[in-house]
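J.: Curious how this folds, go ahead:
(chains A and B)
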Amino acid sequence: MIRLPLIIFLCFASLLHAQDTKYELGRGVQVGSLPLYIGGYFSIDYEHSHGKIRKLELDELAIMAYGEVNQFSYMLELEAEDVYNEVIGDEASEEVQENFHIERFYINYDFNENYALKIGKYHSAIGFWNRIPINVLRDTSSNPMITSLLFPKFTSGIDFLYQTQNKYSIALDTMIQETEDLDKIMNDDIYNNFDVDKHYGLGLGLQDGALNYQFNTGYFEVTTGESYYYALGALKYEDPKFTLQAEVGTQFDEDGSTIPYIGYVQYTHNLQEHHQAILRVESYKDDNTGFKDSFAVIGYTYRPLYPIAIKGEYQWHSLHEENKLLLSFSVLF
Amino acid sequence: MLRIGWMTIITMLSLAAEPYVVITHPQSAIDTLSKSQLRMIYLKKRRFWNDTKLVALNLPPKHMLRQTFEEDILQMNHSQLDDYWIREHYKGHRPPYRVESLKSMLLFVKKVKGAIGYIPASKVDAGVKVIYESRL
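T.: The predicted structure follows:
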């Protein structure tokens, strides 16, 4: 297990070697002249839910190391989730979690302009939101439900990518996992939304100017034996003033539908430089748990600098006990 | 001192007004590039040309020619570009390699097959291939 003090030591050691390099917040730092860049991020969250529970969390703390040499590139990202968690007014609830998990650890090889192969653990190339899921870079403090219920967030295996960039950009991902999660080499607990040991997925992305389309389908098995199929369609339109994004999907097993529908539509308006207003509407029906919910999220994000995000959002749920206020402060460094 | 100041301003203004060209190594398989292809290369969305790894080069951020090039080709202002590269940092991608002067840009392009840079049209010599001409 990798502990917090060791990570802090490694950060300082790297920065000492990097002292000649000019540091810019949000861009990481190169270690000497090596093909090695170090960066990271953290997020502090406050949640006040309808049931009067108020929580304060150091939710994400991560360090990244990456670089490239000729046609090879690599990424190592270690993250501790829920590092500090306290229910306000209940000191006995205080929890400290110091273990780091492998969020991403892969080597990528670019054969040429069309073909690339990635081996290791990576964010599943599914939809749009799942590719940049960290708080400081995403639009709201909360994640849409589709990213946690429909498909495995991470894949430990290979991703074979075919892409072409002519009039339209096309990207075709083939994801294959035939082993347990890579994080299990250093931790016993599960660090994925599903404890998968098999995942086969296909993704097709198309970009035509400001319009982006994404289609995914796949199959995965969890270690307890259940298996599921999923399908997802996503659309994004980007304008200098606003972004419109939607992802919808369905999941089923051999006995029939497990999640008949799940999805969201989100409108992000750039009010002025550094300020964004967000409206997201989500709906889902999960037959695995018996939950069915529709809700709206209204959010506001202020970025004094792009790698620093101060966010607030309120969620109105059809299940009233789920209503909540979320505030967060996050930084990419 | 005043004269040096005026000379600097006049040089900078003439650099900004002069058309620029995008150049590559003479043996490169690239013959011409469109604006959108250049945009993809300078945003590192396209990193290869057939089997050759591309090395996009930039002048220092405050260089007038860089600002002209970025406005013309990338159609993004400084702040939008900063935001873009911060997101790319999370994906493990770095901005184009920076050279400190036009002389370094020319030397780099002459030596490295996949290198792509931009210079004022008047600085072109026989050791580089022009693959894009601005219409400024």
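
J.: which secondary element of chain B has the worst mean pLDDT?
T.: Ranked by mean pLDDT, DSSP states H and E, the helix or strand of chain B with the weakest confidence is helix B:2-17, at a mean of 54.

J.: Next secondary structure after that helix?
T.: Counting by DSSP states H and E, the element after helix B:2-17 in chain order, helix or strand, is strand B:20-24.

J.: Do that following strand and chain A come into contact?
T.: No. Shown here: strand B:20-24 not in contact with chain A (Cβ under 8 Å from any Cβ of the partner chain), separated by at least 15.1 Å. (Glycine included, C-beta is placed from N, CA and C.)

J.: Sheet-wise, list the partners of that strand with their directions.
T.: As defined by DSSP bridges, the strand partners of strand B:20-24 come to strand B:115-120 (antiparallel), strand B:129-133 (antiparallel).

J.: now the ones you listed in a markdown table, with mean neighbour count and mean pLDDT?
T.: Output for the strands paired with strand B:20-24, formatted as a markdown table (neighbours: other Cβ atoms under 10 Å in any protein chain shown; pLDDT from 0 to 100):
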| stretch | mean neighbour count | mean pLDDT |
| --- | --- | --- |
| strand B:115-120 | 24 | 97 |
| strand B:129-133 | 16 | 96 |
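
J.: which stretch among the ones you listed comes nearest A:Ser142?
T.: strand B:115-120 (41.6 Å; Cβ to Cβ).

J.: who touches that closest one?
T.: Strand B:115-120 has contacts (Cβ atoms under 8 Å, 6 or more residues apart in numbering or on different chains) with B:15, B:18-25, B:30, B:41, B:54-57, B:59, B:65, B:69, B:99, B:102, B:105-106, B:108-109, B:131.

J.: can you list the residues of the stretch 51-200 of chain A near chain B?
T.: Proximity of the stretch 51-200 of chain A to chain B is confined to A:64, A:66-68, A:70-71, A:73-75, A:110-113, A:132, A:134, A:137, A:165, A:169 under the rule Cβ under 8 Å from any Cβ.

J.: again, only using 7 Å
T.: A:66, A:70-71, A:73, A:75, A:110, A:112-113, A:132, A:134, A:137, A:165 (Cβ under 7 Å from any Cβ of the partner chain).

J.: Show me what from chain B comes close to chain A.
T.: B:40, B:45-51, B:53, B:79, B:82-83, B:85-87, B:89-90, B:92, B:94.

J.: try 8 Å
T.: B:37, B:40, B:45-51, B:53, B:79, B:82-83, B:85-87, B:89-92, B:94.

J.: which of those residues are buried?
T.: Buried by 16 or more other Cβ atoms under 10 Å in any protein chain shown: B:37, B:40, B:46-49, B:53, B:82-83, B:85-87, B:89-90, B:92, B:94, out of the residues of chain B next to chain A.

J.: Next, check those against the helices and list the overlap.
T.: B:37, B:40, B:82-83, B:85-87, B:89-90 (DSSP state H).

J.: Same list (these) but as CSV, adding distance to A:Phe194.
T.: Shown next, in CSV, are these (distance: Cβ to Cβ, whole Å):
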residue, distance to A:Phe194
B:Gln37, 40
B:Met40, 35
B:Asp82, 36
B:Asp83, 32
B:Trp85, 33
B:Ile86, 30
B:Arg87, 27
B:His89, 28
B:Tyr90, 23
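
J.: Now tabulate these in a markdown table and tack on pLDDT.
T.: Shown next, in a markdown table, are these (pLDDT from 0 to 100):
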| residue | pLDDT |
| --- | --- |
| B:Gln37 | 93 |
| B:Met40 | 92 |
| B:Asp82 | 88 |
| B:Asp83 | 88 |
| B:Trp85 | 94 |
| B:Ile86 | 92 |
| B:Arg87 | 93 |
| B:His89 | 95 |
| B:Tyr90 | 95 |
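
J.: A:Gly89 and A:Gln163, how far apart?
T.: For A:Gly89, the distance to A:Gln163 (Cβ to Cβ, to the nearest Å) stands at 52 Å.

J.: unless I'm mixing things up, A:Ser227 is touching A:Gln251, no?
T.: No. Assessed by Cβ atoms under 8 Å, A:Ser227 is found out of contact with A:Gln251, at 10.9 Å.

J.: Look at these two and report which has more neighbours.
T.: A:Gln251 (24 against 12; other Cβ atoms under 10 Å in any protein chain shown).

J.: Kindly state the pLDDT recorded for the residue nearest to the more buried one when sequence neighbours are not counted?
T.: Spatially, and ignoring its direct neighbours in sequence, A:Gln251 is nearest to A:Ile259 (4.0 Å; Cβ to Cβ, 6 or more residues apart in numbering or on different chains). Looking at A:Ile259, its pLDDT reads 98.

J.: Also the one 4 residues further on?
T.: Looking at A:Gly263, its pLDDT is 98.

J.: try A:Leu6
T.: 61.

J.: Tell me who's in contact with A:Gly263.
T.: By Cβ under 8 Å, 6+ apart, the contact list for A:Gly263 reads A:146, A:246-249, A:282-284.

J.: Kindly provide the distance from it to A:Trp129.
T.: From A:Gly263 across to A:Trp129, the span is 11 Å (Cβ to Cβ).

J.: what is in contact with the two at once?
T.: Counting by Cβ under 8 Å, 6+ apart, the shared contacts of A:Gly263 and A:Trp129 are A:146, A:247.

J.: May I have the secondary structure class of the residue of the stretch 201-333 of chain A found nearest chain B?
T.: In the stretch 201-333 of chain A, the residue that lies nearest chain B is A:Tyr306 (4.5 Å; Cβ to the nearest Cβ). Under DSSP: H, G, I helix; E, B strand; the rest coil, A:Tyr306 falls in the coil class.
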